[in-house]
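Undergrad: Model the structure of this input:
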Amino acid sequence: MGGMEDRGFTELADLELAHLVRDRAWESGGSEAFWTLWLRYEKQIWRTVKRHARVLCPRNVAGDVFALAVLERVETKLLQGVARYRGPAPFGGFLARVIYNAAIDQYRYYKLRPETPLPETEKQDQAMRPVPNRKVFPSPERRAITKEAREIIQEALSLVARRSDTGMKWAGALRRHYLEESPMTAREIASEMGCSEDLVNQYLTRGKKAARRVLEKTFGIERGEDLMP
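TA: Residues are numbered from 1 along each chain as shown. Here you go, the predicted model:
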């Protein structure tokens, strides 16, 4: 079997990727190793985050807000702590502890800094959907984006941007198109990004496909195009 240098990141074992994150500078391979590991376990990560959110989310905090906050903590804790993974126990068990600790930290944060209580109608709505629920998203015919949807799209685009320089360009165009108060046209985006309108249209088309996959695989949205038409 060839050494790590002879194989692509996706062919490496979990422990090998963890070593690369620890031993390499972020710009010289550590970043790609980390995100390869993250994408390998993204379904487990989001599934476990949602399970902890159902149990730990305080009554006065929207469930989707709590879950997304936990997800951010997981990313930070995993990046800081992956070097501690030494095997031979499965990486999934190590990851489960990281997620649990992140959820507990977020729970304590909200307990120490309680949010403004929700109105009774929102409490009832929260009880019905403690984590992001695709049914609350607007139909493709509606261009207005709810606060909840905006937060999830932002998270998805952040993941797309971290994968490559091209991903950063896709995400930049999509943020301008979906997340601005007044969505920008391809011509306006081209002017701001300093490129051609045709290139922006390519960014939007390819970026939407990538973002929809993230929405479906990482955030559990059944149809990514319902959120990003």
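Undergrad: Quick check: can you list the domain ranges of the chain?
TA: 8-128, 134-227 (automatic domain parsing).
Undergrad: Could you export those domains as JSON lines, including mean neighbour count?
TA: Glycine gets a C-beta too; all of them are placed from N, C-alpha and C. Shown next, in JSON lines, are these (neighbours: other CB atoms under 10 Å):
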{"stretch": "domain 8-128", "mean neighbour count": "16"}
{"stretch": "domain 134-227", "mean neighbour count": "17"}
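Undergrad: Make TSV from those and add mean pLDDT to it.
TA: Output for those, formatted as TSV (pLDDT from 0 to 100):
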stretch	mean pLDDT
domain 8-128	78
domain 134-227	75
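Undergrad: Could you list every helix and strand that the host helix or strand of Ile152 packs against?
TA: Here Ile152 sits within helix 147-163, counting by DSSP states H and E. Helices and strands touching helix 147-163, by 3 or more CB pairs under 8 Å, 6 or more residues apart in numbering; DSSP states H and E, are helix 30-40, helix 63-81, helix 165-178, helix 197-217, helix 224-227.
Undergrad: how far out from the middle of the chain is the last one?
TA: Mean C-alpha position of helix 224-227 versus that of the full chain (CA atoms, centre = their mean, to the nearest Å) differs by 15 Å.
Undergrad: same deal with the longest one?
TA: Here the centre of mass of C-alpha atoms in helix 197-217, compared against the chain's by CA atoms, centre = their mean, lies 15 Å away.
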